[in-house]
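Trainee: Give me a model of this one.
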Amino acid sequence: MSDVEILSSKKRKLSPDVAHEEEDEGGPSSSAFNNDSSSPSSSTQHHATSSSSPNTTTPNKLPPRPPNTYDNIRTAIVINDGTRTNLIRLIGLKSLFARQLPKMPKEYIARLVFDRRHKSLAILSSDPEKKDCDDEIIGGICYRAYPEMRFAEIAFCA
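Mentor: Residues are numbered from 1 along each chain as shown. Now for the predicted structure:
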């Protein structure tokens with residue numbers, strides 16, 4: 001392969017922005033490498049360009065991405081404000097933490113989860129059959145924020 005063929009193949013792979021930068025720096029598209037009908041290597045360059053298939057310049061397409069079950073997950077901040085939805089979610093979080101932490105006393109879990117100073121971040125299922133019930137919770141973190149100290153204590157994570 002001649003130098004002109006190598007440079008022309010590199011030029012085809014470059015994006016238009018990079019090719020313009022090379023022109024300013026005297027790169028492959030400078031006047032020394034322009035197609036001149038009087039140059040003996042111009043026929044070689046035309047031959048290399050015409051023999052390349054059109055598929056080499058287009059990127060290969062990736063197969064479609066399979067559906068991800070985690071694309072439809074929702075999150076919610078849950079506090080003990082007495083509303084029905086939040087109380088259902090707090091019960092779900094208490095059940096989840098008790099299931100994932102079997103040696104932790106259930107009274108301690110309930111005391112912290114239902115404490116009005118604690119907040120919880122709940123990960124909710126996208127399954128419509130589990131909407132508005134305690135099985136809707138598939139994960140969560142219970143924490144207590146100390147904004148004046150710019151600190152947060154994580155009580156439970158499951």
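Trainee: need the contact list for residue 106.
Mentor: Contacts for residue 106 were tallied using CB atoms under 8 Å, 6 or more residues apart in numbering; they are 94, 98. C-betas here are computed from N, CA, C, even on glycine.
Trainee: now with 10 Å?
Mentor: Residues in contact with residue 106 (CB atoms under 10 Å, 6 or more residues apart in numbering) are 94-95, 97-98.
Trainee: who touches the residue lying closest to residue 139 once chain neighbours are set aside in this structure?
Mentor: Nearest in space to residue 139, with sequence neighbours left out and distances taken as CB to CB, 6 or more residues apart in numbering, is residue 123 at 3.7 Å. For residue 123, the contacting residues are 70, 73-76, 93, 96, 136-141, 158, by CB under 10 Å, 6+ apart.
Trainee: Please identify the helix or strand for residue 152.
Mentor: strand 151-157 (DSSP states H and E).
Trainee: what's stretch 60-71 in contact with?
Mentor: 123, 125-126.
Trainee: quick one: residue 142 is in a strand?
Mentor: Yes: under DSSP: H, G, I helix; E, B strand; the rest coil, residue 142 sits within a strand.
Trainee: Name the residues linked to it by a beta bridge.
Mentor: Beta-bridge pairing of residue 142, defined through DSSP bridges, involves residue 120, residue 156.
Trainee: Please report how far residue 97 lies from residue 154.
Mentor: Residue 97 sits 12 Å away from residue 154 when distances are taken as CB to CB, to the nearest Å.
Trainee: Comparing those two, which shows the higher neighbour count?
Mentor: Counted by other CB atoms under 10 Å, residue 97 and residue 154 do not tie: residue 97 has more neighbours, with 25 against 9.
Trainee: Report the angle between whatever helix or strand the more buried one lives in and strand 151-157.
Mentor: Using DSSP H and E, residue 97 sits within helix 84-100. Using axes from the mean of the first three to the mean of the last three CA atoms, to 10 degrees, the inter-axis angle of helix 84-100 relative to strand 151-157 is 70 degrees.
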